[in-house]
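Visitor: Predicted model, plus sequence, below.
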Protein chains: 2
Amino acid sequence: MLQTTLDDVLGRVRARLEQDDISGAVALVEALRPPDQADLFAELGSAAQTALLPKLDPGDSADILEELEDDEAARLIDSLTGAERARIVDEMEPDEAADLLAELDEAQVDDILSRLEDPNEVRPLLVHPKDSAGGLMTSSHLALRRRMTVADALATIRALKPDSEEIYHLFVVDQYGRLCGDITFRQLVMADAYALLSEVMDPEVIFVPVGVDQEEVARIVARYDLLALPVVDESGLLVGVITVDDVIDVLVEEATEDIQRLGASEPLDKPYLETTPLTVFRKRIGWLLLLFVTETLTGTVLRHFEAALSTVVSLAFFIPLLIGTGGNAGSQTTSTIIRALALGEMDKKNLLKPLWHELKVGFILGVGMGIVAYIRALLWHTGSGVALTVSLTIFVIVLWANVLGAVLPLLAHKLKIDPTVVSGPAMTTLVDATGLFIYFTVAGIVLSL
Amino acid sequence: MLQTTLDDVLGRVRARLEQDDISGAVALVEALRPPDQADLFAELGSAAQTALLPKLDPGDSADILEELEDDEAARLIDSLTGAERARIVDEMEPDEAADLLAELDEAQVDDILSRLEDPNEVRPLLVHPKDSAGGLMTSSHLALRRRMTVADALATIRALKPDSEEIYHLFVVDQYGRLCGDITFRQLVMADAYALLSEVMDPEVIFVPVGVDQEEVARIVARYDLLALPVVDESGLLVGVITVDDVIDVLVEEATEDIQRLGASEPLDKPYLETTPLTVFRKRIGWLLLLFVTETLTGTVLRHFEAALSTVVSLAFFIPLLIGTGGNAGSQTTSTIIRALALGEMDKKNLLKPLWHELKVGFILGVGMGIVAYIRALLWHTGSGVALTVSLTIFVIVLWANVLGAVLPLLAHKLKIDPTVVSGPAMTTLVDATGLFIYFTVAGIVLSL
């Protein structure tokens, strides 16, 4: 829905609420689609939210809570009575309900679970880490028995309540509940009514164990173009299903985290404009301080070469240029390598391959930049000695930055640390200190200082 | 499939090919899933590829071509006879076939189109830009007439060839072919057989015009959890459908491009390790040179303040520290703002809001860093004048970097330029030159130089 249309509806809802016309406001909200309802809801004050939520159809309230940020949803749930809470949570998808309950305190969770129609849909989902397959999966899936006929299976599906999450992929289990195949709804409709599912199903079903990381889940769903991915426990029992819409959320969230980390900020947990300046400050100050401390090394290096610097003052003019270019080359490499790692493009056994790749790239870039820097330095009338120093230094720095930009994320990956710790700013800072050292060493040799 | 398993199959395929046992190799390849077939294929030499491809089932060959990079697929297609080409392209999804044909020359395209069973599935897809809704959509969808009964609709679906792309969302059109609703396969199966589709369908269908950018398509599919999104032309005619698997590819590709651009490299068109060092060089050298030229400004600023620099030599020791911290603060802001823009989190009418946000963040960060820098400078025994200069400068630089880091991407966005032109390295470089100017201006005032 367009922002302008949404703003317009928001104005009308506010006017209704001011006239205490709750049912008028309810009608306006219920006409919207869930994500739009949630956007509108987020704009209302908390008094209006608390007044409106229990009056909406519980299905709509559930949709709104699913779309809101978890902490916001928890705050809203907190303002309701026990009965209201349970009525809404009952309508939520089990995986979304579990995410919401994870934000509440234990007494509240027990109270809500005790009031739910079927607490066993939600309870098993509470034990899995949020970023694992178990944390992503929903328990509201349909497992058909392999000894069922096609007609039995269709009757089972027809008996489902029609508002349950739409089922496009159906999974087939044996008598113990172990996953043994999948079948599409379309295959089922097309098949002979008296055939057994074991004859019609595809036994080569793709699945993941419950503990697998969500990034791996996303890679598998993207690679095999799946709409739903079954999750099994250690003994092969089908315990849940991950749907493609949750995978899309994971992909977007992981890319956001990687981009924010690459800028040397801890990932924000909420949309940027909904994060208070103080929280943004807290997410950034740690890295800024750490890099500040590292950057003080540059001062130490400079003081160490104070004599050289005072002999040939014009060397100082090139300092920001040289270390800046090195930092830029390092950032280019780091961002490329980190993305390739995130996409699973790297062969884990052969991490020397990307290093060798960057060595070649760094060599060509270094030669190119060295030539340009030589000409630029000559045009500044600094004399051919300084020009040669600058040119050689930039070659070495660019090559060094490319190698460092490749080695550090690969090393982090090898040590099972998130490679995005090697952000662009971290690269720049490391290259600053080491680059100065390279500069004055080259200057010492070329200019015999 | 695990890499080790794939390597094992690859070895066995190679052994079969060496013994000229083509049919043995074919059997091994056909047992794999399409993405694994494509991975294995990419590892084979081009002679083996050309020998194998026409011998595979055309459906499998089509799947492999769909999974390969477009230029690789075009090279392979080129090595086949006209009849072989047409047989394979006939089995491809129309949207994938159109992407492949876009890589071939006009004579080849005309030849292939003239041999296809139904060239009109592919031909209309050739006219749309690759990154628009039209370029993403497939024409192999099923449009049901609104005056059909549910029984008629089910009979139509049963009559489809069973290997066509699975249809989970069915779209309903009027007698002119204009989109007027959607219905799920499940709703259809559950509905009364004699009901008209116009009574059963959901008339509030979400759609996009054919010219919409693929990023907008991805946002809509992600927001409304869609499995398929219909595409209409100017007159409301249903011209195609975008499926969720293609949207996932767009999301991954756009995030990759943004991350590579944030590192100040032009996006690579292929996976990193498949890109030659020379191509990586070409994607990076442009930015590196442009930033180099910008960075030479720092030399100009330094020469301008040469007198101040020679009066208080210790000022030089802080140069990399100050401009480095400014660049880091700027990169933090830029990456956050660019991601928020990509996610559509910004209200287009009110770009002052994020600016005001960053002004506050910059102020707190600046105060914090200023205090730390003051203490650090005192510990270096530089005297309280220089310490005050460094402290004040870092406050101003951090504030300035935050503002610049917010303004530039927002400005680029406003001018309809990709905001990722303001990469981390670009920010660092801009802050370097302006930061030095700030430093020496503050020093001039505080130290009365």
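Guide: Perfect, I can see it now. Residues are numbered from 1 along each chain as shown, chains lettered A, B, ... in the order given.
Visitor: which regions of chain A lie under the pLDDT threshold?
Guide: By pLDDT under 70, the weakly predicted segments of chain A are A:1-4, A:161-169, A:348.
Visitor: all strands for chain A, in order.
Guide: A:143-145, A:169-173, A:179-184, A:208-209, A:228-232, A:238-243 (DSSP state E).
Visitor: May I have the fifth one as CSV, with CA atoms only?
Guide: As requested, C-alpha coordinates have been extracted for strand A:228-232 and formatted as CSV (Å, rounded to 0.1, in the frame of the first residue of the first chain):
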residue,chain,number,x,y,z
ALA,A,228,9.2,-25.4,2.5
LEU,A,229,12.0,-27.3,4.1
PRO,A,230,11.3,-30.1,6.6
VAL,A,231,13.3,-30.2,9.9
VAL,A,232,14.2,-33.5,11.6
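Visitor: right, so of the strands of chain A, which gets closest to chain B?
Guide: Nearest of the strands of chain A to chain B, taken as C-beta to the nearest C-beta: strand A:179-184 at 6.0 Å. For glycine as for every other residue, the C-beta is placed from the backbone atoms N, C-alpha and C.
Visitor: Determine the longest helix present in chain A.
Guide: The longest helix of chain A (DSSP state H) is helix A:384-414.
Visitor: follow-up on the earlier one: could you dump the strands of chain A into TSV and include distance to residue B:193 and mean neighbour count?
Guide: Shown next, in TSV, are these (distance: least, C-beta to C-beta, whole Å; neighbours: other C-beta atoms under 10 Å in any protein chain shown):
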stretch	distance to residue B:193	mean neighbour count
strand A:143-145	24	19
strand A:169-173	22	22
strand A:179-184	22	20
strand A:208-209	39	18
strand A:228-232	28	24
strand A:238-243	29	25
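Visitor: Same list, those, but as JSON lines with distance to residue B:307 please.
Guide: What follows is the strands of chain A, written out as JSON lines (distance: least, C-beta to C-beta, whole Å):
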{"stretch": "strand A:143-145", "distance to residue B:307": "81"}
{"stretch": "strand A:169-173", "distance to residue B:307": "75"}
{"stretch": "strand A:179-184", "distance to residue B:307": "78"}
{"stretch": "strand A:208-209", "distance to residue B:307": "67"}
{"stretch": "strand A:228-232", "distance to residue B:307": "68"}
{"stretch": "strand A:238-243", "distance to residue B:307": "67"}
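Visitor: Domain ranges for chain A, per the record?
Guide: Annotated domains of chain A cover A:3-127, A:143-249, A:272-446 [automatic domain parsing].
Visitor: right, is the second one up against chain B?
Guide: Yes - using C-beta under 8 Å from any C-beta of the partner chain, domain A:143-249 reaches chain B at A:154, A:157-158, A:162, A:166-168, A:184-186, A:189-190, A:204, A:206, A:221-225, A:227, A:244-245, A:247-249.
Visitor: Show me which of those residues are buried.
Guide: Using 16 or more other C-beta atoms under 10 Å in any protein chain shown as the burial test, the residues of domain A:143-249 next to chain B include A:154, A:157, A:166-168, A:184-186, A:189, A:221-223, A:225, A:227, A:244-245, A:247-248 as buried.
Visitor: Of those residues, which belong to helices?
Guide: Using DSSP H, the subset of those located in helices is A:154, A:157, A:185, A:186, A:189, A:221, A:222, A:223, A:244, A:245, A:247, A:248.
Visitor: now, among these, which is nearest to chain B?
Guide: Taking these together and measuring to chain B by C-beta to the nearest C-beta, the closest member is residue A:245, at 3.9 Å.
Visitor: Against chain B, how distant is the residue nearest the centre of chain A?
Guide: With distances taken as C-alpha atoms, centre = their mean, residue A:254 lies nearest the centre of chain A, 1.4 Å away. For residue A:254, the distance to chain B equals 8 Å [C-beta to the nearest C-beta, to the nearest Å].
Visitor: what's the neighbour count on the closest residue to that residue other than its chain neighbours?
Guide: Nearest non-adjacent residue to residue A:254, counting by C-beta to C-beta, 6 or more residues apart in numbering or on different chains: residue A:215, 6.0 Å away. Other residues lying near residue A:215 total 15 when counted by other C-beta atoms under 10 Å in any protein chain shown.
Visitor: Identify the residues contacting residue A:215.
Guide: Each residue near residue A:215 by C-beta atoms under 8 Å, 6 or more residues apart in numbering or on different chains is listed here: A:250, A:254, A:342.
Visitor: mind running it again at 10 Å?
Guide: Contact partners of residue A:215, counting by C-beta atoms under 10 Å, 6 or more residues apart in numbering or on different chains, are A:131, A:250, A:251, A:254, A:342, A:343, A:344.
Visitor: ok, now how distant is the nearest residue in space to the fifth one that is not next to it in sequence from residue B:183?
Guide: Using C-beta to C-beta, 6+ apart and skipping the chain neighbours, the partner closest in space to residue A:342 is residue A:258 (6.1 Å). Summarising the geometry, the distance separating residue A:258 from residue B:183, computed by C-beta to C-beta, to the nearest Å, is 39 Å.
Visitor: Same check on residue A:289?
Guide: Applying C-beta to C-beta, the value for residue A:289 to residue B:183 is 57 Å.
Visitor: for residue A:5, same thing?
Guide: Look at residue A:5 and residue B:183: by C-beta to C-beta, they are 25 Å apart.
Visitor: same check, this time on residue A:97
Guide: Distance of residue A:97 to residue B:183, given as C-beta to C-beta: 28 Å.
Visitor: now residue A:232
Guide: Noted for residue A:232: a distance of 33 Å to residue B:183, by C-beta to C-beta.
Visitor: before we move on, what about residue A:6?
Guide: According to C-beta to C-beta, residue A:6 stands 26 Å off from residue B:183.
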